[in-house]
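Undergrad: next come a sequence and a model predicted from it.
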Amino acid sequence: MKIKTKKRSNICPCQSSLSYAKCCKPLHTGKADADSPDSLMRSRYSAYVKGEIDYLINTTDKTGPLWRDDVEVWKAELAEFSQETHFQGLEILSVGANAVRFEATLEIEGKDASFIETSLFTTYDDKWYYHSGEFE
Ligand SMILES: [Zn+2]
């Protein structure tokens, strides 16, 4: 008897150990909304991995310091970052009421570009948005 193993590619990049279809995909496709700062944080990480650039923009707080009015240029930059970066892992270090501290392990052009960030989130009309982040 063959033991069925999940294909690695089906696992959500946010490392929830769920399948992408059951984890971040419904958020990326607008079928569901992130219900907490950490679910938004995870879904934004997997959006970078999957190249879901519109999702990254749509979940950025328009009143926050990271919003940009040159959306097309911004989009192109995010797409380039998403393509040139090898995303190797995400670890949530702590979760607060509106903050998530995490470590992202990445490599750009063969160089380690990992970082630890504390992201701040805001809510409007029961939806979570990425407000800002501080690197350590
Ligand atoms: Zn996920």
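TA: Right, received. Where do you want to start? None of these values were measured; they are calculated from a predicted model.
Undergrad: correct me, but G89 touches A104?
TA: Yes. In this structure G89 lies within contact range of A104 using CB atoms under 8 Å: 7.4 Å. C-beta here means a position set from N, CA and C on the backbone, and glycine is covered the same way.
Undergrad: give me the more crowded residue out of these two.
TA: Remark: of G89 and A104, A104 carries more neighbours, 18 against 13, as counted by other CB atoms under 10 Å.
Undergrad: how far out from the middle of the chain is whichever strand or helix holds that one?
TA: In the assignment (DSSP states H and E), A104 maps to strand 99-108. With CA atoms, centre = their mean, to the nearest Å as the basis, strand 99-108 stands 10 Å off its chain's centre.
Undergrad: list of residues touching the next helix or strand after it?
TA: Downstream of strand 99-108, the next assigned helix or strand under DSSP H and E is strand 111-112. Residues outside strand 111-112 that contact it (CB atoms under 8 Å, 6 or more residues apart in numbering): L106.
Undergrad: and the residue nearest to A34 when sequence neighbours are not counted, what pLDDT?
TA: Take A34 and drop its neighbours on the chain: the residue closest to it by CB to CB, 6 or more residues apart in numbering is L40, 3.7 Å away. L40 carries a pLDDT score of 98 in this model.
Undergrad: hang on, isn't L40 packed against W128?
TA: Yes. Counting by CB under 8 Å, L40 touches W128, with 4.3 Å between them.
Undergrad: are there residues contacting both of these two? Which ones?
TA: A34, T59, F121.
Undergrad: among those residues, name the ones in strands.
TA: Among the shared contacts of L40 and W128, the residues falling in strands (DSSP state E) are F121.
Undergrad: quick one: the shared contacts of L40 and W128 as TSV, columns for neighbour count, distance to K111 and pLDDT too.
TA: Output for the shared contacts of L40 and W128, formatted as TSV (neighbours: other CB atoms under 10 Å; distance: CB to CB, whole Å; pLDDT from 0 to 100):
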residue	neighbour count	distance to K111	pLDDT
A34	20	31	96
T59	22	28	98
F121	25	29	98
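Undergrad: got the contact list for V49?
TA: By CB under 8 Å, 6+ apart, the residues touching V49 are P13, S82, F87.
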